[in-house]
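Undergrad: Need coordinates for the below:
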Amino acid sequence: MHILLAEDSPADALLIERAVSREFPGVHVRRAMNAEDFAAALGLRRWDIVLADHKPPTFSSCAAIEQLARSGRDIPLIVVSGAIGEEEAVDLLKTGAHDFVRKDNLGRLGPVLRRELADAGNRRRRREAEAALAEKERRLSTLMDNLPGMVFRAGIGPDLPMEFVSEGCREITGYDPQRLVGDGATSYRGAVVHADHRDFVRRGIEQAVRWNEPYQLTYRITRPSGETRWVWEKGRLVWLPHGGATAVEGFIADITERKAAEERVTELQSRLMGASRLMLMGELATGIAHEVKQPLSAIRIYAEGLAEQTRAGGAVGPDLAPILDRIVDQNRKAQAVIDRILAFVRRAAPRMSDLDVNQTVRDAVKFFEVEAGDANVHLNLSLAPDVPPVVGDAVQIQQVIVNLLHNGLDAVIEAAVPRGELRVETAKAADGGVDVAVTDNGPGIPQAVIARAFIPFFTTKPDGFGLGLTICSKVVEDHGGRLSIDAPAGGGTVARFHLPPRP
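TA: Numbering: from 1, shown residues only. The predicted structure follows:
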């Protein structure tokens, strides 16, 4: 401990130093005899305590208090005086002294010093904690102000009143933060949220409160200029110690540009679906052509035979010959049409090349994200990192995955599953190829339906054609694999297909 003693009497200084040393062995005491000594000593080191005589001839405790105040240091000052009145003592305490001890009662000095040292330590720790808290708040404020979005806190209530919004709201909404807090009419949950989406946002947060889970929402807002923008919000509940929800906290980001990109992707998806439908129709035409060509050929042979018999004067009347000729002629035309369909389909054969199945899955899911999000169905990926490359047509495999996801989405929506989920998984197969599985948590498919699922034109949907799984199966088979459907005992449906390893 280091003590600065303002005392001009050597004898009194010695008595004080001995009294302090008895209580604090090893204490260092430096004596200042006048104002200049005191000012110089203050600048030498960090002092723990200042002891000052009240009325020495050259330097008083009042002058010491003034110098300490000017220095800005929080050092306890104890007045040690031979004679001091009660009113003077009170005045000294008011001006900055922490306590006073009479020179004829130095035994009290030890307890006073211990108390003041403890109080000074507590004040120092409090200042350090306050400084640390202020620094954390400064950093947090800087972080929030520089985030590419807006941090918020909203109270739990009918209107979800905003209690705090960060500076980022200005760029997103066009409003000052203060405007959105406490103003029900202009609150973020009020006029800022687009009228078409207010009920959607309210229901989404109410559901999160009921289920006690985090939430994510995508919706539109309206800026003061009337401009609309898309935002993405992620939030969670804040709970009181006794268990009640008290607020919602979260983050909001402007995704207008991303939404525009998604619309472009949707347009590309639509084109891809159109091209896929052409491919599917080509596959269908192939099946029809092969099934129809043989009986047409037989009809033509029989008709030609009848025509020859008629011309030779056979049992058939000669007046039927022109009709039979027309049958043969129309039959030839039908065969020519079928041949042209087959030629078209052959030109649309798969474009086989090295295929990264995981990337193909990601690309297919990207096309499907918007549709799943609009239906509030969670879309999860579980892609094994060790799947090897295979050989295949990326567009056709993407379309198989999209079609399977559509089937799963339809099942989840029709069954009104509370928290719908679709999952796409990949895994390295035992033969070195890749297995892909598309799973939904819908009601599942009866075994009797699974047995007929790949029959052309068989469907359980009122507006379906019964061709989707048939074509998907054909595409997978063209890649050397096999597509299967399974309904696990726990519910849901799993569609799996295998792509063999590269030759």
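Undergrad: From Phe164, how far off is the closest residue in space to Cys169 that isn't next to it in sequence?
TA: Excluding the flanking residues, the one nearest Cys169 by Cβ to Cβ, 6 or more residues apart in numbering is Met150, at 4.3 Å. Where C-beta positions appear, they are placed from N, C-alpha and C, glycine not excepted. From Met150 over to Phe164 the distance is 10 Å, taken as Cβ to Cβ, to the nearest Å.
Undergrad: do the same with Thr95
TA: From Thr95 to Phe164 the distance is 42 Å (Cβ to Cβ).
Undergrad: before we move on, what about Ile49?
TA: The value you get for Ile49 to Phe164, if Cβ to Cβ is used, is 44 Å.
Undergrad: Same drill for the two, tell me which one is more crowded.
TA: Shown here are Ile49 and Phe164; by other Cβ atoms under 10 Å, Ile49 has more neighbours (24 against 14).
Undergrad: What residues are bridge-paired with the more buried one?
TA: Ile3 (DSSP bridges).
Undergrad: my guess is it contacts Arg114, does it?
TA: No. With contact defined as Cβ atoms under 8 Å, Ile49 does not count as touching Arg114 (10.4 Å).
Undergrad: one step back: shared neighbours of Met150 and Phe164, anything?
TA: By Cβ atoms under 8 Å, 6 or more residues apart in numbering, Met150 and Phe164 have no common neighbours.
Undergrad: what's near enough to touch the residue nearest to Cys169?
TA: Val165, Ser166, Gly168, Cys169, Ile172, Thr173, Phe251, Ile252, Ala253.
Undergrad: quick one: which of the residues you listed sit in strands?
TA: Judged by DSSP state E, strands contain the following of those: Val165, Phe251, Ile252, Ala253.
Undergrad: for the chain, longest strand please?
TA: The chain, longest strand under DSSP E: strand 228-239.
Undergrad: returning to that earlier point: let's have the contacts of Met150 in TSV, adding neighbour count.
TA: Output for the contacts of Met150, formatted as TSV (neighbours: other Cβ atoms under 10 Å):
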residue	neighbour count
Val165	26
Ser166	21
Gly168	22
Cys169	23
Ile172	21
Thr173	25
Phe251	17
Ile252	24
Ala253	16
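Undergrad: nearest to Ser9, of these?
TA: Ser166 (62.6 Å; Cβ to Cβ).
Undergrad: doesn't Asp176 make contact with the closest one?
TA: No. Ser166 is beyond contact range of Asp176, at 11.8 Å (criterion: Cβ under 8 Å).
Undergrad: what about the host helix or strand of Gly121, average pLDDT?
TA: Assigned by DSSP states H and E, Gly121 belongs to helix 109-146. Mean pLDDT, helix 109-146: 80.
Undergrad: Stretch 174-181 now?
TA: 81.
Undergrad: what does stretch 430-444 give?
TA: Mean predicted confidence for stretch 430-444 is 91.
Undergrad: for stretch 36-43, same thing?
TA: The average pLDDT for stretch 36-43 rounds to 84.
Undergrad: Please compute how far it lies from its chain's middle.
TA: Computed by Cα atoms, centre = their mean, to the nearest Å, the separation of stretch 36-43 from the middle of its chain amounts to 60 Å.
Undergrad: So which residues make contact with it?
TA: 4, 6, 30-32, 47, 59, 63-64, 67-68, 71, 73.
Undergrad: repeat that with 7 Å
TA: Surrounding stretch 36-43, the residues in contact under the criterion Cβ atoms under 7 Å, 6 or more residues apart in numbering are Leu4, Ala6, Arg30, Ala32, Phe59, Ala64, Gln67, Ser71.
Undergrad: one step back: will you turn the contacts of Met150 into TSV that also has distance to Asp91?
TA: Formatted as TSV, these follow (distance: Cβ to Cβ, whole Å):
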residue	distance to Asp91
Val165	51
Ser166	50
Gly168	54
Cys169	54
Ile172	59
Thr173	58
Phe251	57
Ile252	59
Ala253	62
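Undergrad: ok, so of those, who is nearest Val400?
TA: When the contacts of Met150 are compared against Val400 (criterion: Cβ to Cβ), the nearest one is Ala253, at 33.5 Å.
Undergrad: Identify all residues paired with the closest one through a beta bridge.
TA: Ala253 has these beta-bridge partners by DSSP bridges: Trp232.
Undergrad: Wait, it touches Trp232, no?
TA: Yes. Ala253 lies in contact with Trp232 (Cβ atoms under 7 Å); the separation is 5.2 Å.
Undergrad: hey, where'd the helices end up in the stretch 401-503 of the chain?
TA: 447-452, 468-478 (DSSP state H, counting those that start in this stretch).
Undergrad: right, and the ones you listed - which one's nearest Glu88?
TA: helix 468-478 (99.9 Å).
Undergrad: quick one, domains of the protein?
TA: 2-126, 147-254, 259-347, 353-499 (automatic domain parsing).
Undergrad: Can you find the helix or strand of the chain with the lowest average pLDDT?
TA: helix 321-347 (a mean of 59; mean pLDDT, DSSP states H and E).
Undergrad: next SSE after it?
TA: Taking DSSP H and E, what comes next after helix 321-347 is strand 353-355.
Undergrad: average pLDDT for that following strand?
TA: Across strand 353-355, pLDDT averages out at 89.
Undergrad: Provide the strand pairings for that strand, with the direction of each partner.
TA: Going by DSSP bridges, the partners of strand 353-355 are strand 390-392 (antiparallel).
Undergrad: Off-centre distance for the strand it pairs with?
TA: 33 Å.
Undergrad: before we move on, what about stretch 353-370?
TA: Centre-to-centre, stretch 353-370 and its host chain are 21 Å apart (Cα atoms, centre = their mean).
Undergrad: pull the CA atoms of that stretch into CSV?
TA: These are the backbone C-alpha positions of stretch 353-370, laid out as CSV (Å, rounded to 0.1, in the frame of the first residue of the first chain):
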residue,chain,number,x,y,z
SER,A,353,-21.6,-36.4,-69.5
ASP,A,354,-19.8,-36.4,-66.2
LEU,A,355,-22.4,-35.5,-63.5
ASP,A,356,-21.9,-34.1,-60.0
VAL,A,357,-25.1,-35.5,-58.4
ASN,A,358,-24.9,-33.2,-55.3
GLN,A,359,-24.7,-30.1,-57.5
THR,A,360,-27.5,-31.4,-59.7
VAL,A,361,-29.6,-31.8,-56.5
ARG,A,362,-28.8,-28.3,-55.4
ASP,A,363,-29.7,-26.9,-58.8
ALA,A,364,-33.0,-28.8,-58.8
VAL,A,365,-33.9,-27.7,-55.3
LYS,A,366,-33.1,-24.1,-56.2
PHE,A,367,-35.8,-24.2,-58.8
PHE,A,368,-38.2,-25.6,-56.2
GLU,A,369,-37.4,-23.3,-53.2
VAL,A,370,-39.9,-20.6,-54.1
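Undergrad: Please renumber the chain so that the first residue is 188 from this point on.
TA: Got it, first residue is 188 now, which makes that one stretch 540-557.
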